[in-house]
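>>> Pasting a predicted model and its sequence here:
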Amino acid sequence: QVQLVESGGGLVQAGGSLRLSCATSRNIFSNNAMGWYRQAPGQQRELVAAISTGGRIVYADSVKGRFTISRDNAKNTVYLQMNSLKPEDTGVYYCNARWDPAFTKWKSQIGSWGQGTQVTVSS
């Protein structure tokens, strides 16, 4: 069973920053693309950012220039640095690991998921 352990969510005022972390096993981390998805109340889960094993990155248009995804191969951890947060960034953020060597399926709801961490941005 794939285990993805998320941390770093919380409550922040608009304009503030948070950093999410997701740790997993070495085997999972080294062989899978990693990503962050979010689900706002009443909405479908959507891609925020994803990073391939080789370092290719995609971002949702709504977070470009504000969020940064990165992976630390020594710690088997993927991070999401979120700056200039807005109330519309509020939601449950999920870490994802997926077998996607071509890095083309990052919009699909596939792979393994973490338990989710709540991010709330107040106005």
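It's in.
>>> any idea which element the most centrally placed residue in the chain lies in?
Closest to where the C-alpha atoms of the chain average out (Cα atoms, centre = their mean) is W36, at 1.8 Å. Using DSSP states H and E, the element containing W36 is strand 33-39.
>>> hmm, back to that, just the pLDDT at the residue nearest to the centre of the chain, thanks.
Looking at W36, its pLDDT stands at 98.
>>> Kindly report the same for A14.
The per-residue pLDDT reported for A14 equals 98.
>>> Against which helices or strands is the one helix or strand L80 maps to packed?
Using DSSP H and E, L80 sits in strand 77-82. With contacts defined as 3 or more Cβ pairs under 8 Å, 6 or more residues apart in numbering; DSSP states H and E, the secondary structure elements packing on strand 77-82 are strand 18-23, strand 33-39, strand 46-51, strand 67-72. For glycine as for every other residue, the C-beta is placed from the backbone atoms N, C-alpha and C.
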